[in-house]
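Engineer: Give me a model of this one.
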Amino acid sequence: MQKAFDALLLPVLAALVPPSKATAGVPLYDHVPDAAVYPYVQFARAIKTPVDNLSELIDDIQLSLGVYSTFRGQEEVLFILGAIEAAMHRAVLDLDLGYPLLCVLERSDTARDQDGVTYTGTANFRITVVH
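Structural biologist: Numbers count the residues shown, from 1 in each chain. Here you go, the predicted model:
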């Protein structure tokens, strides 16, 4: 599943010029390195719920992508969340196992971190996969 998201998101994020940078590129991490430079996107959480409806096995997957920025205010986080939504909402995923029926943005949110400097955002997607 992550390979399919990488294929869709990496080119979009690599070409993105966020408000805090003069050059293109927002990295996408599974594990954020200690010296990561803001802004960046991280695979934050994945929840898989198998649904066996007698005729076929379906996985209901919830995937969360986190956005992190130290740009003043929510502008940059909202900008990156918008690019993620444009790339992923109703996207056709190329999966190794299973056939994706649906990939939709369920919700997104932004907030200021407790440090008072970092702004965060989350994009929550629901993916339905038939096996």
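
Engineer: mind checking which helix or strand Val77 is in?
Structural biologist: Using DSSP states H and E, Val77 sits in helix 75-88.

Engineer: Buried residues in that helix, which are they?
Structural biologist: Buried residues in helix 75-88, counted by 16 or more other CB atoms under 10 Å: 76-81, 83-85, 87-88. The way it works is simple: take the backbone N, C-alpha and C, and place the C-beta from them, glycine included.

Engineer: Quick check, Leu63 in contact with Asn124.
Structural biologist: Yes - contact status for Leu63 versus Asn124: in contact at 7.4 Å, counting by CB atoms under 8 Å.

Engineer: Which one's more surrounded, these two?
Structural biologist: For the pair Leu63 and Asn124, the greater number of neighbours falls to Leu63 (21 against 17), based on other CB atoms under 10 Å.

Engineer: Which residue would you name as the spatial centre of this structure?
Structural biologist: Central residue of the chain (CA atoms, centre = their mean): Leu65, 3.3 Å from the mean position.

Engineer: Checking that one next. Helix, strand or coil?
Structural biologist: For Leu65, the secondary structure call by DSSP: H, G, I helix; E, B strand; the rest coil comes out as strand.

Engineer: who's it bridged to?
Structural biologist: Beta-bridge pairing for Leu65 (DSSP bridges): Phe43, Ala123.

Engineer: got the contact list for it?
Structural biologist: By CB atoms under 8 Å, 6 or more residues apart in numbering, the contact set of Leu65 is 9, 41-44, 84, 122-123, 125.
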